[in-house]
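Novice: Everything below, folded, please.
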Amino acid sequence: MNGKPDSGGLTRRDFASDQDVRWCPGCGNNAILAQVQKTLPELGVPRENIVMVSGIGCSSRFPYYVNTYGIHTIHGRAPTVAMGLKCARPELQVWVVTGDGDALAIGGNHFSHALRRNVDINILLFNNRIYGLTKGQYSPTTPPGIRTLSSPDGSIENPVNPVGVAIGSEAGFIARTVDVFQKHMAGILRRAAEHRGASLVEIAQNCIIFNDGAWSHLTDPDSRLENVLYLEHGQPMRFGREGEKGIRLNGLKPEVVSVAEVGEEALRVHDEQAAEPTLAYLLSRMGPPDFPTPVGVFRAVDKPVYSGQLLAQVHEAQARAAPDLDALYRQGETWEVD
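Specialist: Down below sits the predicted model:
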């Protein structure tokens, strides 16, 4: 045994549906779909025990293209359906596939509470920083100044930070990857699936039609190593073409430093298992132009799982005396209306 779950002989082809994929050629969704289909056989979960739940948006066609059970819900409500499903059928592995608009605008409340409650579901948030399905309006994650159909003079809104929202919601597992980082994404997907409790994976995804190049600083081969900080638990935070740069903390303020000048021992060591989320939050705030963008696991801590606790309460209630609905109605004060 190599430590991986038994795939039962399943391959990527077994998780590809017979539906024609209707995303634009070059859309980052295609790369994400390919990696999910490759990863699912490695998890050792039967197809009939996997459910993909989506909301509204380009990403939300995902359940049609994966040969598992799927539910295409309404705008922003995928987490609520997923939570109910997991609580009613705890043996299922439930995935939510959503976009930055679906999850963080109309669905922001449901997104946050799913993470806060720590229901055992996995949320994949495709972040292309635009509303693609409705043809190019700015979304909750669109950076200031970006011109779109709904912001012709440039967006003036402060964007939502998905990882920051997840940390504020006390999520136990929070990670980020990029659509074209296929090997990296595979590892993150496996980690999310193995985590007990709610997991969030933000996937930086390119919309080739309405927001092409939104993540080019992370994907351009000539500059990627200068702009990406790969988070590894227990390892010092280094980046650059030769790992010549690093991150250290000056109090609670991160700084980019030269490793040759300060020495590796001065660098901050990543701790994804820290109970206190301060470091994860500081990392979530990092990005251009002053810092590299962190990718990898920000936080991975064990917490009580809502769906498991709920099931335990149900079993305890069932073990007590048989319920009497009539007695329940008549207990305490009653009112008679003539």
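
Novice: ranges for the helices of the chain?
Specialist: 28-39, 62-65, 78-88, 100-101, 108-117, 162-168, 182-194, 216-219, 224-227, 259-262, 278-284, 306-319, 325-330 (DSSP state H).

Novice: Out of those helices, which one sits most buried?
Specialist: helix 100-101 (a mean of 28; mean count of other CB atoms under 10 Å). Where you see a C-beta, it was placed from the backbone N, CA and C, and this is true even at glycine.

Novice: Quick one: end-to-end distance for stretch 253-267.
Specialist: 13 Å (CA to CA, to the nearest Å).

Novice: Let me have the helices of the chain in a markdown table, extended by distance to H270 and mean pLDDT.
Specialist: Putting those into a markdown table (distance: least, CB to CB, whole Å; pLDDT from 0 to 100) gives the following:
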| stretch | distance to H270 | mean pLDDT |
| --- | --- | --- |
| helix 28-39 | 23 | 97 |
| helix 62-65 | 30 | 97 |
| helix 78-88 | 28 | 97 |
| helix 100-101 | 25 | 95 |
| helix 108-117 | 21 | 96 |
| helix 162-168 | 14 | 97 |
| helix 182-194 | 14 | 98 |
| helix 216-219 | 18 | 96 |
| helix 224-227 | 18 | 95 |
| helix 259-262 | 15 | 97 |
| helix 278-284 | 8 | 97 |
| helix 306-319 | 28 | 90 |
| helix 325-330 | 53 | 79 |
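
Novice: what would those look like in a markdown table with distance to F298?
Specialist: Listed next are those as a markdown table, based on distance: least, CB to CB, whole Å:
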| stretch | distance to F298 |
| --- | --- |
| helix 28-39 | 19 |
| helix 62-65 | 24 |
| helix 78-88 | 20 |
| helix 100-101 | 17 |
| helix 108-117 | 13 |
| helix 162-168 | 6 |
| helix 182-194 | 11 |
| helix 216-219 | 16 |
| helix 224-227 | 17 |
| helix 259-262 | 22 |
| helix 278-284 | 4 |
| helix 306-319 | 21 |
| helix 325-330 | 46 |
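
Novice: Quick check: A266 touching A260?
Specialist: No - using CB atoms under 8 Å, A266 is not in contact with A260, being 11.2 Å away.
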